[in-house]
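**Q** Please work out how this folds:
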Amino acid sequence: MSQPSIALIFNPAARGDKARRFRESLGQLRNECTLLETSGPGSATNLAAQAVRDGCKTVVATGGDGTVNEVVNGLAKVRDGLGQAQLGILPLGTMNVFARELGIPLSPRRAWETVRLGQARAVDLPLANVQTDAGPAERYFVQMAGAGLDGDAVGGVSIALKRKIGPLAYLFSTLVALKAKPPRLTATWDGGSVRGEWMCVGNGRFFAGPVVLFPDAKLNDGRLDLCVFPRINPGSVSRGVTSMALGQIGDWPGAEHHRMSELAIDGPAGTRVQADGEFIGTLPLTVTLRPRALKVLVPAGK
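**A** Residues are numbered from 1 along each chain as shown. Sure thing, here's the model as predicted:
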């Protein structure tokens with residue numbers, strides 16, 4: 001029997017009702033795909049890379065945005081891996097921002113039908129360069145990256161608390177971050193520059209779930225979208241959170257929007273950077289774009 005052309009990467013220890021129901025359905029999928037279990041943070045990247053080397057044409061990320069990010073970086077790790085394989089998504093995470101952006105059903109059963117019967121859509125793929133303890137590092141992201149408040153919220157979150165209370169752990173981490181003096185950041189690009197205390201770079205429209213932060217963004221337009229918050233303090237955050245609750249984070253007091261094909265963000269050494277909800281390093285940050293480099297399976301007609 002030939003090896004299935006679909007590799008499905010999943011975390012066997014994932015919690016939640018959707019993860020439990022998914023595990024119960026694994027027996028039905030064994031004849032349709034190769035099942036690959038993650039063993040810890042970062043292992044999905046290596047599993048995805050090996051799946052491409054083994055000839056799999058579709059690699060499915062089963063989990064949240066962090067899992068999707070790891071799998072995409074695994075595809076990119078192999079020479080011409082992004083050309084050889086397409087990405088499938090079974091959204092089992094808390095926010096599933098990239099799946100929402102693409103119109104992928106949040107039901108695992110319907111999402112699997114998208115993997116089997118959907119169409120491939122080519123989307124842009126941003127590449128972030130940051131600093132780490134081991135030196136400069138590169139990391140692709142699919143939805144958005146940020147420096148400042150969200151970088152601190154993600155980088156400072158307690159993993160143990162996250163396992164206990166889920167997304168609320170980020171709220172506690174954000175409140176802690178607000179007690180510190182915000183960094184003064186500068187973004188520069190060909191023909192422009194701007195300063196602020198929190199900056200987010202978007203590939204798509206959404207941020208933190210179904211909240212639109214980048215209203216003009218499109219996944220395949222060859223452009224990055226930058227949202228700059230000039231001042232961050234408890235008052236502005238309170239008003240901003242109210243806007244977020246209404247799905248209108250673009251109304252955050254003083255928020256500015258800019259568009260470009262690449263940019264650099266600089267600020268105090270050690271300022272944290274997150275991408276797709278994962279801490280990836282510190283400033284300085286540069287972001288470039290590979291237009292339509294990633295193929296993703298989406299529902300027909302999307």
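**Q** and Gln28, what element?
**A** Using DSSP states H and E, Gln28 falls within helix 26-29.
**Q** tell me what that helix is packed against?
**A** Helix 26-29 makes packing contacts with no helix or strand when contacts are defined by 3 or more Cβ pairs under 8 Å, 6 or more residues apart in numbering; DSSP states H and E. (Glycine included, C-beta is placed from N, CA and C.)
**Q** Run the chain-centre distance for it.
**A** The chain centre lies 27 Å from the centre of helix 26-29; the measure is Cα atoms, centre = their mean, to the nearest Å.
**Q** and that helix, average pLDDT?
**A** For helix 26-29, mean pLDDT rounds to 77.
**Q** which outside residues touch it?
**A** 8, 35, 112 (Cβ atoms under 8 Å, 6 or more residues apart in numbering).
**Q** at 7 Å what do you get?
**A** The contact list for helix 26-29 (Cβ atoms under 7 Å, 6 or more residues apart in numbering) reads 8, 35.
**Q** What is the helix or strand just after it packed up against?
**A** Once the chain leaves helix 26-29, the next helix or strand it forms, by DSSP H and E, is strand 34-37. Applying 3 or more Cβ pairs under 7 Å, 6 or more residues apart in numbering; DSSP states H and E, one finds that strand 34-37 contacts strand 6-10.
**Q** avg pLDDT for the strand it packs on?
**A** 95.
**Q** same check, this time on stretch 113-120
**A** 95.
**Q** centre of the chain versus that stretch, how much separation?
**A** Relative to its parent chain, stretch 113-120 has a centroid offset of 21 Å by Cα atoms, centre = their mean.
**Q** And for stretch 4-20?
**A** With Cα atoms, centre = their mean, you get 18 Å for stretch 4-20.
**Q** And the contacts of that stretch?
**A** 29, 32-38, 44, 47-48, 51, 56-63, 71, 92, 108.
**Q** Kindly report the same for stretch 39-58.
**A** Here stretch 39-58 has contacts from 5-7, 9, 34, 36, 38, 59, 67, 70-71, 73-75, 77-78, 81, 84-86, 88, 115, 297, using Cβ under 7 Å, 6+ apart.
**Q** What does the pLDDT read for Leu175?
**A** Confidence score, pLDDT, at Leu175: 70.
**Q** okay, now it: neighbour count?
**A** 12 (other Cβ atoms under 10 Å).
**Q** Give me the buried positions along the helix holding Gln28.
**A** Applying a neighbour-count criterion of 16 or more other Cβ atoms under 10 Å, one finds Leu29 buried in helix 26-29.
**Q** Just the CA atoms from it would do, formatted as CSV, please.
**A** Output of helix 26-29 as CSV, limited to C-alpha atoms (Å, rounded to 0.1, in the frame of the first residue of the first chain):
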residue,chain,number,x,y,z
LEU,A,26,-8.4,9.5,14.8
GLY,A,27,-9.2,5.9,14.1
GLN,A,28,-11.3,6.9,11.1
LEU,A,29,-8.4,9.0,9.7
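**Q** filter the contacts of stretch 39-58 to the buried ones?
**A** 6-7, 9, 34, 36, 38, 59, 67, 70-71, 73-75, 77-78, 81, 84-86, 88, 115, 297.
**Q** can you give me the helices in this protein?
**A** With helices called from DSSP state H, the chain shows them at 17-24, 26-29, 43-53, 65-77, 81-84, 97-102, 108-117, 149-155, 159-165, 168-178, 234-245.
**Q** which residues touch stretch 222-235?
**A** By Cβ under 7 Å, 6+ apart, stretch 222-235 touches 124, 126, 148-149, 178, 182, 187, 194, 196-203, 213-214, 216-217, 252, 254-261, 263, 287, 289, 291.
**Q** beta partners of Gly135?
**A** Thr132 (DSSP bridges).
**Q** Report how many residues lie close to it.
**A** Gly135, neighbours per other Cβ under 10 Å, totals 7.
**Q** Could you do Lys57 as well?
**A** Count around Lys57 with other Cβ under 10 Å applied: 13.
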